[in-house]
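Peer 1: how would this look folded up:
(one chain, ligands or ions: 1)
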Amino acid sequence: MKIYVDGEFYEKDEAKVSVFDHGVLYGDGIFEGIRAYNGRVFRLGEHLKRLEESAQAIFLTLPIPLRKIEEALLETVRQNGLRDAYIRLVVTRGVGDLGLDMRKCKKNAGLIIIADKIELYPESYYEKGLDIITSSIRQRGTDQLAPNIKSLNYLANILARAEATRAGAQEAILLNQQGYVSECSGDNIFYVYEGRIYTPPVYAGILEGVTRSAIIDIVREKMNGQVIEKLSTLFELYRADEVFLTGTGAEVIAGVKIDGHVIGSGSAGPITRKLVALFREYARLTGTLIYEEAKASK
Ligand code: PXG
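Peer 2: Below is the predicted model:
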């Protein structure tokens with residue numbers, strides 16, 4: 001495996017960062033998780049835009065222009081000969097001293113790009129669906145560190161996921177400070193009730209998922225429908241006909257049990273199945289071409 005670190009490619013065992021990097025010392029940095037399907041990077045422009053906006057929000061100057069980051073990312077996938085990949089892009093504050101002061105991080109921010117084979121949920125989970133719990137950890141408020149920032153501080157999400165694992169479930173819902181549903185530890189959440197598709201709005205305190213926006217587009221363009229963004233309670237999830245999660249890792253996957261409540265038929269429902277299929281088709285056919293010179297538009 002070839003890993004990109006600050007402009008050079010290293011073998012896995014040789015790819016390293018300084019112990020004085022503020023990404024390590026303080027979780028001071030940002031990241032993106034990106035997928036490539038069938039030789040195309042899925043919605044790369046959106047991921048890079050989110051990266052740029054996260055950087056702006058934390059006063060982080062990207063070490064190289066976005067255009068060069070895109071080139072480095074595509075080159076990393078090529079170096080590893082992958083057509084289907086999970087790509088992790090990390091920008092750290094860089095090497096500083098032991099204090100909090102970001103001005104001490106003199107050198108440019110650190111840039112890491114890892115392209116690996118994809119780890120999916122086993123196919124059986126797409127039929128069976130996931131068991132989800134509500135975490136005891138609340139989503140931080142939008143007036144705290146904005147959940148829109150994809151920062152290297154992922155402890156709340158990691159602890160929420162561990163809580164799910166301890167309960168024998170696969171994912172955990174984080175309620176926001178007002179008690180409304182925000183999102184899951186690594187996925188956005190949608191539900192279907194009486195034929196309509198709902199998802200919590202951005203102001204509920206969520207990461208604006210790239211997969212979430214792809215699903216909103218697919219519902220509009222391929223199903224002639226509409227996703228309703230609405231503040232939602234646990235009750236609305238418990239009584240839903242279908243629940244599904246979206247994320248770069250999971251794509252689109254049903255939630256069939258929430259806090260022990262069986263959702264709908266107890267397995268992936270018809271709208272979820274339709275969206276799984278439409279999403280997979282869409283992901284294979286759109287995106288930035290990795291190996292050809294010409295770039296697809298989206
Ligand atoms: N919410 C949160 C908190 C996330 O971390 C999503 C929603 C979905 O966003 P995208 O853009 O991927 O549709 C995420 C992203 C993992 C893993 O290993 C998952 C994410 C990030 C890092 C690792 O499952 N999900």
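
Peer 1: and the chain, which residues reach the ligand?
Peer 2: Residues of the chain that fall close to the ligand, judged by CB under 6 Å from any ligand atom: 33, 157, 183, 186-188, 207, 209-212, 246-249. The C-beta positions use only the backbone N, C-alpha and C, and glycine is treated the same way.

Peer 1: just curious, which of the residues you listed is nearest to P63?
Peer 2: G33 (19.4 Å; CB to CB).

Peer 1: any idea which element that closest one lies in?
Peer 2: If you go by DSSP states H and E, G33 is part of strand 29-37.

Peer 1: Domain map for this structure?
Peer 2: Using automatic domain parsing, the domains assigned to the chain come out as 2-116, 125-284.

Peer 1: How far off centre is the longest one?
Peer 2: The chain centre lies 12 Å from the centre of domain 125-284; the measure is CA atoms, centre = their mean, to the nearest Å.

Peer 1: Just the terminal-to-terminal distance for that domain.
Peer 2: Distance between the boundary residues of domain 125-284 (CA to CA, to the nearest Å) amounts to 21 Å.

Peer 1: again, but for stretch 13-33
Peer 2: The first-to-last residue distance of stretch 13-33 comes to 21 Å (CA to CA).

Peer 1: and R212, how many residues sit next to it?
Peer 2: Number of residues near R212 (other CB atoms under 10 Å) recorded here: 24.

Peer 1: for it, helix, strand, or coil?
Peer 2: The three-state assignment at R212 reads helix, by DSSP: H, G, I helix; E, B strand; the rest coil.

Peer 1: ok, now E75?
Peer 2: helix.

Peer 1: Not counting its neighbours along the chain, what's nearest it?
Peer 2: On the basis of CB to CB, 6 or more residues apart in numbering, the spatially nearest residue to E75 that is not a chain neighbour turns out to be Y4, at 7.5 Å.

Peer 1: top helix in this structure by residue count?
Peer 2: Ordering each helix of the chain by length in residues (DSSP state H) puts helix 270-285 first.

Peer 1: Tell me how far the helix or strand following that helix lies from the chain's centre.
Peer 2: From helix 270-285 onward toward the C-terminus, using DSSP H and E, the following helix or strand is strand 288-289. What separates the centre of strand 288-289 from the centre of its chain is 19 Å, taken as CA atoms, centre = their mean.

Peer 1: what number of residues lie near K106?
Peer 2: Residue neighbour count, defined by other CB under 10 Å, stands at 9 for K106.

Peer 1: Look at it and give its secondary structure.
Peer 2: Secondary structure of K106, reduced to three states by three-state DSSP: coil.

Peer 1: try V24
Peer 2: At V24, secondary structure determined by three-state DSSP is helix.

Peer 1: Report the separation between it and the ligand.
Peer 2: Distance, V24 to the ligand, using CB to the nearest ligand atom, to the nearest Å: 18 Å.

Peer 1: can you confirm the residue nearest to E75 is in a helix?
Peer 2: No: assignment of Y4 by three-state DSSP gives strand, placing it outside any helix.
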